[in-house]
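Peer 1: give me coordinates for this.
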Amino acid sequence: MNLILLRPDDMVTAERARLSGRRLQHVRAVHRAQAGDVLAVGMLGGRIGTGTVMQIDDSVLEMDVHLEHDPPASLPLTVILALPRPKVLRRVIFSLTVLGVKRIILVNAARVEKSYWQSPFLEPDVINHQLALGLEQARDTQLPQVLLKSRFKPFVQDELPALAQGTLALVAHPGARESCPRQVSGPVTLAIGPEGGFIPFEIDLLQTAGLSPVHMGERILNVETAIPALISGIF
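Peer 2: Got it, this is the predicted structure:
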């Protein structure tokens, strides 16, 4: 936890926060904070700054909070991701949040197992927990938007063209002729397929929606490797 993420209901006065539960235990076990210590804090959806520990014990942490700076700039990137295996999903959501992605769209695809859509890892509370961990790691406060689209064709045909309009719209595909662009300065829409990639029919639909297939070389990457490699290359 590089940043203690505060919520409005943590504030007992305009400048005093009171915490318990996971965040308290982390501060006690990892930071080993004592009264007088200064920790990095940020208000969910707001600014970042410092919190001076005024009281800490087994049940409560109270801090005087001063929020002085804006959070890091977000990436101008929408990631459209074929729903990965549930255990991978948690790590992917965390990584995308750390990297500064603020819109994540999870979609179905031919090579996505139907059972994935019944996973408890898709419950809002579970997703929000991973988002919060990512914000804490990155010292950010701006919560990403996560959308679930379980019907691939209607999403791509009816929603994606407008979403991708005005952006550099790409789909990562090992069979593409063009290599992935680098050092892009404007907004990007990036679709990433499941393990094994999108099938030809899906690539055709994505192209019709305005996305251009691109590759990253001869190696076939798994989802967890492809995501940071693509994003770091593009930006």
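Peer 1: below-threshold pLDDT in this structure: ranges please.
Peer 2: Within the chain, the segments meeting pLDDT under 70 span 1.
Peer 1: so what are the domain limits for it?
Peer 2: Split into domains by automatic domain parsing, the chain comes to 4-69, 77-234.
Peer 1: check the ones you listed for me and report the most buried one.
Peer 2: Of the domains of the chain, the one with the most neighbours on average (mean count of other CB atoms under 10 Å) is domain 77-234, at a mean of 17. Where you see a C-beta, it was placed from the backbone N, CA and C, and this is true even at glycine.
Peer 1: gap between the two ends of that one?
Peer 2: Using CA to CA, to the nearest Å, the end-to-end distance of domain 77-234 comes to 10 Å.
Peer 1: got it, and stretch 99-112?
Peer 2: One end of stretch 99-112 to the other measures 24 Å (CA to CA).
Peer 1: what's the following helix or strand after the helix or strand harbouring residue 80?
Peer 2: Using DSSP states H and E, residue 80 sits in strand 77-82. The helix or strand immediately downstream of strand 77-82 is helix 86-99, counting by DSSP H and E.
Peer 1: what's the offset of the strand holding residue 80 from the middle of its chain?
Peer 2: Distance of strand 77-82 from the chain centroid (CA atoms, centre = their mean, to the nearest Å) equals 10 Å.
Peer 1: ditto for stretch 126-136
Peer 2: Distance, stretch centre to chain centre, for stretch 126-136: 8 Å (CA atoms, centre = their mean).
Peer 1: contacts for it next, please.
Peer 2: With CB atoms under 8 Å, 6 or more residues apart in numbering as the test, stretch 126-136 has contacts from 1-5, 42, 44, 90, 93-98, 120-121, 140-144, 146.
Peer 1: alright, I will stop here.
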